[in-house]
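K.L.:
here is my input, please return the structure:
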Amino acid sequence: IIDGSRTSIKSSLYVKRLWETQYKKRRKKGKDKMNIFTALGGGQEVGRSCYDYGAFLIDAGLKFDEQRGGRIHTPRMPQNEKLFMALTHGHLDHIGFVLNVAREQPRMRIFATLATKRLVELQLNDSYRIAAERLARRERSQPLLYTEAEIEPLLNRIEVVENEGWFEPALGYKMSFRGAGHIKGAAIILVATPEDKHIIHACDLSLDDQAFVRAARVPNDFLNPDLLTIECMHGALFEPLPDCKQAEQEIVAIAKRVWERNGKLLIPQFGISGSQIVDPLVKAGLPVALDGAMRDCMWIFETTPQWCENDIQIKAPLPIYLGRNESEEGFQRSDNDFRLALARWPGAGIVACTQGMMELGLSVMYAEEWLNDQNNAVLFTGYLADGTAGRKISQIQKGEPVSFHHERVSRNGKLDVWDVDCAVNCEVYTVRRSGHSDPWKTTRDFIVPLNPKKVATVHGSPDAHIGMKQHINKALPGIEVVGAINNEPISF
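P.N.:
Below you'll find the model as predicted:
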């Protein structure tokens, strides 16, 4: 456990030898050949975030192709040995490939907050379970990237960062985790190298107070870094995002209208971020049921202690956790029978569940039952990729159909493909509420006070990189801003 002033695990002899052979001769500032940053994934895209700083890595995630049945895209595997890795937070697009990288880097140290470590455990076990179930039902499945037996050894390697203090991840390096405001346990990573290069990695970042975390703060003890790596997810927006509190009030008003007319409200969400959406509904007295990954993430957030001032302790009232029926044989189909009975229950109801873009998962099952009823409603609050069912539902006119695609391999090995068409007679709402800050606020409240020497933008579409660069250059004309492209090195 890392307590901010010391480490409980002493640097290995390997690290010592690596220091002596590779880095000791490069201590003169400005002469270090290792000052190269490369996005191995998550450059001009959202997903598979993996960032190589030469001697260390930050994150290793996956990207799911929502329009191709959840096909997985991985970042490029790091080519040289690494001293350590820092995990910013527990979203799959930042941690889904960690086990694979760790397998190839057996001596690399791995650091994360406790909430992030617990989310790694949840996400990797859940991903493996889903893949195994689909194989057992002879459905087409994503490739198995790891075995179940590999998960526990990885967790044993993750060293927990308990607070925002400085510690030594390797000889000559100093590192500090600071609250990122994105989700519970999310961190901005600060690193001082042996050559006195200062690096800040802020991806993902929120500068708004949310239900379970307060806004990120500028690290005033680490101003003017040599490189700031910053996300630009919303860089292409034409106008600022609404205030989070205003968005939450609008969400509560919509839910109350649907509830009072005895309708059902479906809130498709991504598992981790979505749990913060339901908190204002519960506090307003509405009985919200969480299902799937959202339920499990909420339990982690509820039971994980604070690691920094940004974390907010979760208190009652709490949402309803839809239980999972399990036995020694594992997942039981009776769980889905219960869900189907709930979906067809004649009374009012509010369910928040995965998957957020409605390409697969529980949200599709509920949607196929509820979309046709004009008393019901669907509420979108997150990112919807082009071509996904969620994007289509958010844009079509009332009464128009939407199609949900299904695939299954039959017992004789034949691939069965079918679509379920639903008329969208229910109300459809879209409320912009994000765990990422817009470029106006990010530039004004974070980048300008930091005054970095160089900025690398990541985690956004090509248009988002362009927009973010324009915002930064307008506020700080003398700073070089580079849009990271996967596998293209950036020197600093």
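K.L.:
use CA for all of it now, contacts and neighbours both
P.N.:
Fine.
K.L.:
show the subsequent helix or strand relative to the lengthiest helix in the chain.
P.N.:
Longest helix in the chain, counting residues (DSSP state H): helix 114-136. Note on helix 114-136: by DSSP states H and E, the next helix or strand toward the C-terminus is helix 151-157.
K.L.:
which neighbouring elements make contact with that next one?
P.N.:
helix 98-104, helix 114-136 (3 or more CA pairs under 8 Å, 6 or more residues apart in numbering; DSSP states H and E).
K.L.:
next, the residue positioned nearest the centre of the chain: phi, psi?
P.N.:
The chain has His91 as the residue nearest its centroid, 2.8 Å off, counting by CA atoms, centre = their mean. Backbone torsions of His91, given as degrees, to the nearest 10, read phi -70, psi 140.
K.L.:
same thing with Lys283?
P.N.:
Dihedral angles for Lys283 - degrees, to the nearest 10 - are phi -70, psi -20.
K.L.:
residues touching it, list them.
P.N.:
Each residue near Lys283 by CA atoms under 8 Å, 6 or more residues apart in numbering is listed here: Pro317.
K.L.:
follow-up on the earlier one: dump the residue contacts of the residue nearest to the centre of the chain.
P.N.:
For His91, the contact set (CA under 8 Å, 6+ apart) comprises Leu119, Ile272.
K.L.:
what separates it from Val282, distance-wise?
P.N.:
His91 sits 24 Å away from Val282, going by CA to CA, to the nearest Å.
K.L.:
neighbours of Leu322, just the number please.
P.N.:
Residues within reach of Leu322, counting by other CA atoms under 10 Å, total 17.
K.L.:
isn't Gly43 up against Val458?
P.N.:
Yes. Using CA atoms under 8 Å, Gly43 makes contact with Val458 at a distance of 4.7 Å.
K.L.:
ok, the two, which is more surrounded?
P.N.:
With neighbours defined as other CA under 10 Å, Gly43 and Val458 compare such that Val458 has more, 32 against 29.
K.L.:
is it true that that one touches Cys232?
P.N.:
Yes. Counting by CA under 8 Å, Val458 does reach Cys232; the two are 6.0 Å apart.
K.L.:
any common contacting residues for those two?
P.N.:
By CA under 8 Å, 6+ apart, Val458 and Cys232 have these common neighbours: His465.
K.L.:
lowest-confidence helix or strand of this structure?
P.N.:
Counting by mean pLDDT, DSSP states H and E, the weakest-scoring helix or strand in the chain turns out to be strand 330-331, with a mean of 40.
K.L.:
by contact count, what packs against whatever helix or strand comes next after that one?
P.N.:
Sequence order places helix 334-343 as the next helix or strand after strand 330-331, per DSSP H and E. Under the contact criterion of 3+ CA pairs under 8 Å, 6+ apart, helix 334-343 touches helix 362-370.
K.L.:
how much does the helix it packs on deviate in direction from helix 334-343?
P.N.:
Taking axes from the mean of the first three to the mean of the last three CA atoms, to 10 degrees, one finds helix 362-370 and helix 334-343 inclined to each other by 40 degrees.
K.L.:
let me see the mean pLDDT of helix 362-370.
P.N.:
For helix 362-370, mean pLDDT is 92.
K.L.:
same question for stretch 406-414.
P.N.:
pLDDT averaged over stretch 406-414 gives 71.
K.L.:
quick one: terminal-to-terminal distance for that stretch?
P.N.:
End-to-end distance of stretch 406-414 (CA to CA): 14 Å.
K.L.:
now stretch 359-370: buried residues?
P.N.:
Across stretch 359-370, burial judged by 16 or more other CA atoms under 10 Å covers Glu359, Leu360, Leu362, Ser363, Val364, Met365, Tyr366, Ala367, Glu368, Trp370.
K.L.:
before we move on, what about stretch 38-50?
P.N.:
Here stretch 38-50 shows 38-50 as buried, counting by 16+ other CA under 10 Å.
K.L.:
show me the contact partners of it.
P.N.:
Outside stretch 38-50, the residues within contact range by CA under 8 Å, 6+ apart are 51-53, 57-64, 73-78, 93-94, 96-97, 233, 457-462, 465, 483-490.
K.L.:
make it 7 Å
P.N.:
51-53, 58-63, 74-76, 93-94, 458-462, 484-490 (CA atoms under 7 Å, 6 or more residues apart in numbering).
K.L.:
state the mean pLDDT of that stretch.
P.N.:
Stretch 38-50 carries an average pLDDT of 95.
K.L.:
next one: stretch 475-482
P.N.:
Mean predicted lDDT for stretch 475-482 stands at 96.
K.L.:
how far away is His406 from His198?
P.N.:
For His406 relative to His198 (CA to CA), the value is 49 Å.
K.L.:
the more surrounded of the two?
P.N.:
Using other CA under 10 Å, the more surrounded residue of His406 and His198 is His198, with 21 against 14.
K.L.:
list the contacts for the more buried one?
P.N.:
Taking CA under 7 Å, 6+ apart as the criterion, His198 is in contact with Val191, Ala192, Pro225, Asp226, Leu227.
K.L.:
ramachandran coordinates for it?
P.N.:
The phi/psi pair for His198 (degrees, to the nearest 10) reads phi -110, psi 130.
K.L.:
so it versus Leu190, what's the distance?
P.N.:
From His198 to Leu190 the distance is 7 Å (CA to CA).
K.L.:
what are the ranges of the helices in this protein?
P.N.:
Using DSSP H, helices in the chain cover 13-18, 92-95, 98-104, 114-136, 151-157, 244-260, 271-283, 293-303, 334-343, 362-370, 389-395, 439-442, 448-450, 462-475.
K.L.:
Thr303 and Cys297, how far apart?
P.N.:
Counting by CA to CA, the gap from Thr303 to Cys297 is 10 Å.
K.L.:
any low-confidence regions in the stretch 351-492 of the chain?
P.N.:
Along the stretch 351-492 of the chain, the parts satisfying pLDDT under 70 run over 409-411, 413.
K.L.:
which residues of it fall in strands?
P.N.:
Taking DSSP state E, counting those that start in this stretch, the strands of the stretch 351-492 of the chain run over residues 377-380, 401-409, 415-423, 427-430, 454-458, 480-483, 490-491.
K.L.:
buried residues of the second one, list them for me.
P.N.:
Buried residues in strand 401-409, counting neighbours by 16+ other CA under 10 Å, are found at Pro401, Val402, Ser403, Phe404, His405, Arg408, Val409.
K.L.:
what about Lys264, neighbour count?
P.N.:
Lys264 has 28 neighbouring residues, counting by other CA under 10 Å.
K.L.:
partner residues bridging it?
P.N.:
Gly349 (DSSP bridges).
K.L.:
how about the contacts made by the residue lying closest to Ile36 once chain neighbours are set aside?
P.N.:
Ranked by CA to CA, 6 or more residues apart in numbering and with sequence neighbours excluded, the top spatial neighbour of Ile36 is Ser491, at 4.6 Å. Going by CA under 7 Å, 6+ apart, Ser491 touches Asn35, Ile36, Phe37.
K.L.:
next one, pLDDT for the residue nearest to Ile72 when sequence neighbours are not counted please.
P.N.:
Spatially, and ignoring its direct neighbours in sequence, Ile72 is nearest to Phe64 (4.8 Å; CA to CA, 6+ apart). Per-residue pLDDT puts Phe64 at 77.
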